[in-house]
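Student: Requesting a structural model of the entry that follows:
(chains A and B)
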Amino acid sequence: MPETAQRTTQGKQPLITPLRVVIGICLFAPFVAMLWVSSYAKVEPTLAGVPFFYWYQMLWVLISTALTMVAYKLWQHDQRGRRTRQGGDAR
Amino acid sequence: MKDGVNGVALAVFIFFFLAVTVMGFLASRWRRAENEQSLDEWGLGGRSFGTWVTWFLLGGDLYTAYTFVAVPAAVYAAGAAGFFAVPYTILVYPLIFTFLPRLWSVSHKHGYVTTSDFVRGRFGSKGLSLAVALTGLLATMPYIALQLVGIQAVLDVMGVGGGENTHWFIKDLPLLIAFGVLAAYTYSSGLRAPALIAFVKDTLIYIVIAVAIIYIPIKLGGFDEIFAKAGEAFGQTNEATGKPRGALVPGDASQWTYATLALGSALALFMYPHSITATLSSRSREVIRRNTTILPLYSLMLGLLAVLGFMAIAAGIQVKNGQLAIPQLFENMFPDWFAGIAFAAIGIGALVPAAIMSIAAANLFTRNIYKDFIKPDATPAQETKVSKLVSLLVKVGALAFVLTMDKTVAINFQLLGGIWILQTFPALVGGLFTRWFHRWALVGGWAVGMVYGTAAAYGVASPTQKHFGGSSAEIPGIGEIGYIGLTAFVLNVLVTVVLTLVLRAVKAPDGVDETSPSDYTADAGDPGVQTELPKVGAETH
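Tutor: Numbering: from 1, shown residues only, chains lettered A, B, ... in the order given. This is a model prediction of the structure:
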C-alpha cells in the first residue's frame, strides 16, 4: 500500500483505493447473500402471508438496487476525482 | 377452459396488435439518420439511444413472452425451484456494471457491432471469433422459436388455436400472420421498431402485473390462503416420480441447484447476442451504468410474476400443458376486456425480443461469417442488405421449427443454448480485462465446455423425457446437483488457463491485438469515439 500511495504523488494513480474497495463490496454483496441459499430457505417468519423465502429475495431486489446506485455514485465521484487530478498534473 | 372464442378478449388483443404494427412501420422515421444504408443504423438504431429508451429496450429484450409464461409455469409446477429467476436477475446487474461499459467503449472506438467482432479484434483470431458467432447463432435460434410458443399459448387460451381436428393451416394462421407482420417491420425499420414497441409492451405488462397482484389475491382470500393451498398441493405425491410435486422452500438437496442456476444464468444472460445488441445501441457509457441502477425494477416485476404461479394453484387451475397456467389464470380471473389486455401484453412481449434476437443473429452472420469468410470487401450497404435478408430467414427458420417439431424440442434447445452461450464468457469478458489468455487456449476451453455441457444435458432424464430432461446434474468431485452450464464453464476456464500456460511456455504465436488499454475506458465525446452514425468498418480494416 505505501508504494501505491507514493505513485499517486508521481502522477500515476493507484488502481486500488479505499473508495474502489467500497464499490467492490457493494457489487459483491448480492452474490454472497443470494448464493447462500440455506440462510433464507425457510417459511417463517411470514410477511402478510408470504413465506420468508419469497419476501426476503424480493427485499434483496431493493437492497441490491440501492447498493448498485451507491456504487454508481461512488464511481462517478472516483472518475471525477481522477480527471481533475490528471488535469492538474498536465497543467 | 371456456369453450369457443373469447370475443371481447380477442378484439382487445387485435386492437393492440394493430396499434403496434403501425408503430413498427412508422418507427423507421423516428430519429432517422441521414445514412440509412449502414448496419449501425439498421442493426443498432444509429447507436443513439438514451437512458430511457435503452431501459425499455433491454427490458423488452430480456423479459420475453416466454419468461412471462415459463417462470410462473415453473413455480406452478414445482414451487420454490422456479423462483431462482429472481436471484438470477439480482446478480445480473452488478455483473454488467463491471464489464459492459468496457465492451461499449471498445466497440464504439473500433466500430464493433457484435461480440465476435470484438473477440476477433482483441485476439486476432478469426477461428475464435467464428466459434463465438456460431455459439451465438445456435443459442439465439431456439430462443426466437420459444417466443412463438409464448404467442401460441395466448392464442390457445383465447380459443383461436383451433381444436385437435382443425386443419393445420387454419390452426396456425394467426401465428403466421403475427410473424409475417413482425418480419415485415423488422425488415423495414430495424432496431428502431422493437425499441418503440417496447414502450407499449412494458406499459401493458406493468399495468397487468400491478392489477393481478392486487386483484387476484383479493378474489382468492389473501396471500395466507394462496400459500397454504400451494403448500398443500406441493405436498401431494407426484405419480410419475413417487416424490412430492414440489416445495415452498428448497430443501437441503436442492440448494446447490438453486444457487448454481441463479449464478450460471446470470453469467450467461449478457453473452446472448440480443442483450449485447441492445447495449451497444445506447448513446454513451454512462447510459449503461445508469441503467444497471434502474433495470432491477424488472426483477421486482419478475418476482411478482412468479408468485402468479402460486395463485394459479390456489385458483384451482388445472392444465395439461403447464405453459397455459398463467394465460388460463388471467382468463378465469379477469373480466374479458382486461384479459384481452393481459394477452396483448404477452403477445407483444413476444414480438419485441423476437425482433431484437433476429436482428442480433443477422448481425452475427453478416459480420462474422459473411464479411469475414465469404465477402471480405462487402460495403456497409451490402452488409445491411445481407443482414435484413438473414433476419427474415432466421424468423422463417424459427417458425418452421415450432410448426414442424414438438414444443419440447424448442425448450430442449433453449436449455442447451443457455449452457452453450455461457462458454463464450472467458473469451468475451476475459478479453475485456486481460490479454493473458491465449487465443487457442480459449478455443480449447470453449470446445471442452460445449462438449461436456451437451453430453451432460443429454444424460439428464425426466419422467417425460429420456434425454435433456433438465439443466442440472451431479457436479463431478462435489457430488451435489448443480447447473450443468456452470460446471461446464468452470471446466472451460480450467482448460483455458492450463492451455494458456502451456502455449505461453512453448511460445505459440499470439494474435495481433488491435485494441489499446485506453480504448476500454473511452466515452462519447473522447477523440476517436464515434457517437451517432459511425461508418461501419471504418476502423476495422
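Student: Could you check how many residues crowd around residue 84?
Tutor: All of this refers to chain A. 10 (other CB atoms under 10 Å in any protein chain shown). For the C-beta atoms, the positions are set from N, CA and C on the backbone; glycine is no exception.
Student: Actually, chain B is the one I wanted.
Tutor: 27.
Student: Could you tell me the model confidence score at it?
Tutor: B:Phe84 is assigned 87 on the pLDDT scale.
Student: Same question for the one 10 residues further on.
Tutor: Turning to B:Pro94, the model gives it a pLDDT of 90.
Student: and it, what does it touch?
Tutor: Residues near B:Pro94 by CB atoms under 8 Å, 6 or more residues apart in numbering or on different chains: A:26-28, A:30-31, A:64, A:67-68, A:71, B:292.
Student: where's it, which helix or strand?
Tutor: helix B:85-110 (DSSP states H and E).
Student: Any residues of chain A in contact with chain B? List them.
Tutor: A:26-28, A:30-31, A:34-38, A:41-43, A:46, A:48-54, A:57-58, A:60-62, A:64-65, A:67-69, A:71-72, A:75 (CB under 8 Å from any CB of the partner chain).
Student: Any chance of a PyMOL selection covering the buried ones in those residues?
Tutor: Entered in PyMOL, the line below selects the buried ones among the residues of chain A next to chain B, by 16 or more other CB atoms under 10 Å in any protein chain shown:
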select buried, chain A and resi 26+27+30+31+34+35+37+41+50+51+52+53+54+57+58+60+61+64+65+67+68+69+71+72+75
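Student: Any stretches of the chain with poor pLDDT?
Tutor: Using chain A. Within chain A, the stretches with pLDDT under 70 are A:1-13, A:86-91.
Student: Actually, chain B is the one I wanted.
Tutor: B:1-4, B:30-37, B:161-170, B:238-243, B:463, B:524-541.
Student: Show me what from it comes close to chain A.
Tutor: Going by CB under 8 Å from any CB, the residues of chain B near chain A are B:80, B:83, B:86-87, B:89-91, B:93-94, B:97-98, B:222-227, B:248-252, B:255-256, B:258-259, B:262-263, B:289-290, B:292-293, B:296, B:299-300, B:303, B:307.
Student: coming back round to it: can you list the helices and strands that whichever helix or strand comes after the helix holding B:Pro94 packs against?
Tutor: For helix B:85-110, the succeeding helix or strand toward the C-terminus, using DSSP H and E, is helix B:115-123. Contact here means 3 or more CB pairs under 8 Å, 6 or more residues apart in numbering or on different chains; DSSP states H and E; on that basis helix B:115-123 packs against helix B:85-110, helix B:126-158, helix B:431-433.
Student: so which of those helices comes closest to B:Leu62?
Tutor: helix B:85-110 (8.1 Å; CB to CB).
Student: From the chain's centroid, how far away is that closest one?
Tutor: 15 Å (CA atoms, centre = their mean, to the nearest Å).
Student: What of stretch B:398-407?
Tutor: 18 Å.
Student: sorry, back to before: next step: the residues of chain A next to chain B restricted to helices.
Tutor: Counted as lying in helices by DSSP state H, out of these, are A:26-28, A:30-31, A:34-35, A:52-54, A:57-58, A:60-62, A:64-65, A:67-69, A:71-72, A:75.
Student: Closest to the centroid, which residue in the chain?
Tutor: Defaulting to chain A. With distances taken as CA atoms, centre = their mean, the residue of chain A nearest its centroid is A:Cys26 (1.9 Å).
Student: my bad, the chain I had in mind was chain B
Tutor: The centre of chain B sits closest to B:Leu62, judged by CA atoms, centre = their mean, with a distance of 5.0 Å.
Student: Can you name the residue of chain A nearest to chain B?
Tutor: A:Gly49 (3.3 Å; CB to the nearest CB).
Student: Could you verify my assumption that that residue touches B:Asp224?
Tutor: Yes: with contact defined as CB atoms under 8 Å, A:Gly49 reaches B:Asp224; the gap is 3.5 Å.
Student: chain center to the helix or strand containing B:Leu392: distance?
Tutor: Using DSSP H and E, B:Leu392 sits within helix B:380-404. Distance of helix B:380-404 from the chain centroid (CA atoms, centre = their mean) equals 17 Å.
Student: Could I have the CA atoms of the next helix or strand along the chain from that helix written out in PDB?
Tutor: Moving toward the C-terminus from helix B:380-404, the next helix or strand (DSSP H and E) is helix B:407-422. Extracted in PDB, the C-alpha atoms of helix B:407-422 (Å, rounded to 0.1, in the frame of the first residue of the first chain):
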ATOM      1  CA  LYS B 407     -42.600 -27.900 -28.500                       C
ATOM      2  CA  THR B 408     -40.300 -29.800 -26.200                       C
ATOM      3  CA  VAL B 409     -37.600 -29.800 -28.900                       C
ATOM      4  CA  ALA B 410     -37.600 -26.000 -28.800                       C
ATOM      5  CA  ILE B 411     -37.400 -26.000 -25.000                       C
ATOM      6  CA  ASN B 412     -34.600 -28.500 -25.000                       C
ATOM      7  CA  PHE B 413     -32.600 -26.500 -27.400                       C
ATOM      8  CA  GLN B 414     -33.200 -23.300 -25.400                       C
ATOM      9  CA  LEU B 415     -31.900 -25.100 -22.300                       C
ATOM     10  CA  LEU B 416     -28.800 -26.200 -24.300                       C
ATOM     11  CA  GLY B 417     -28.500 -22.700 -25.700                       C
ATOM     12  CA  GLY B 418     -28.100 -21.300 -22.200                       C
ATOM     13  CA  ILE B 419     -25.300 -23.900 -21.400                       C
ATOM     14  CA  TRP B 420     -23.600 -23.100 -24.700                       C
ATOM     15  CA  ILE B 421     -23.700 -19.400 -24.600                       C
ATOM     16  CA  LEU B 422     -22.000 -19.400 -21.200                       C
END
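Student: Determine the set of other helices and strands touching helix B:407-422.
Tutor: helix B:126-158, helix B:255-269, helix B:380-404, helix B:439-458, helix B:484-505.
Student: relative to helix B:407-422, how tilted is the third one?
Tutor: With axes from the mean of the first three to the mean of the last three CA atoms, to 10 degrees as the basis, helix B:380-404 and helix B:407-422 are set at 140 degrees to each other.
Student: buried ones in helix B:380-404?
Tutor: Buried, per 16+ other CB under 10 Å, within helix B:380-404: B:380, B:382-388, B:390-391, B:394-395, B:397-399, B:401-402.
Student: do the same with stretch B:360-375
Tutor: B:360-372.
Student: In strands only, show me those.
Tutor: Of the buried residues of stretch B:360-375, none are assigned to strands by DSSP state E.
Student: Distance of B:Ile177 relative to chain A?
Tutor: As judged by CB to the nearest CB, to the nearest Å, B:Ile177 and chain A stand 38 Å apart.
Student: Quantify the burial of that residue by counting its neighbouring residues.
Tutor: As a burial measure, B:Ile177 scores 11 neighbours (other CB under 10 Å).
Student: Name the helix or strand for it, please.
Tutor: With DSSP H and E as the test, B:Ile177 turns up in helix B:168-189.
Student: Now do the buried residues in that helix.
Tutor: Quick answer for helix B:168-189 (16+ other CB under 10 Å): B:171-172, B:174-175, B:178-179, B:181-183, B:185-187, B:189.
Student: and that helix, how far out from the chain's middle?
Tutor: 20 Å.
Student: following that helix, which helix or strand shows up next?
Tutor: Next element after helix B:168-189 (DSSP H and E): helix B:192-220.
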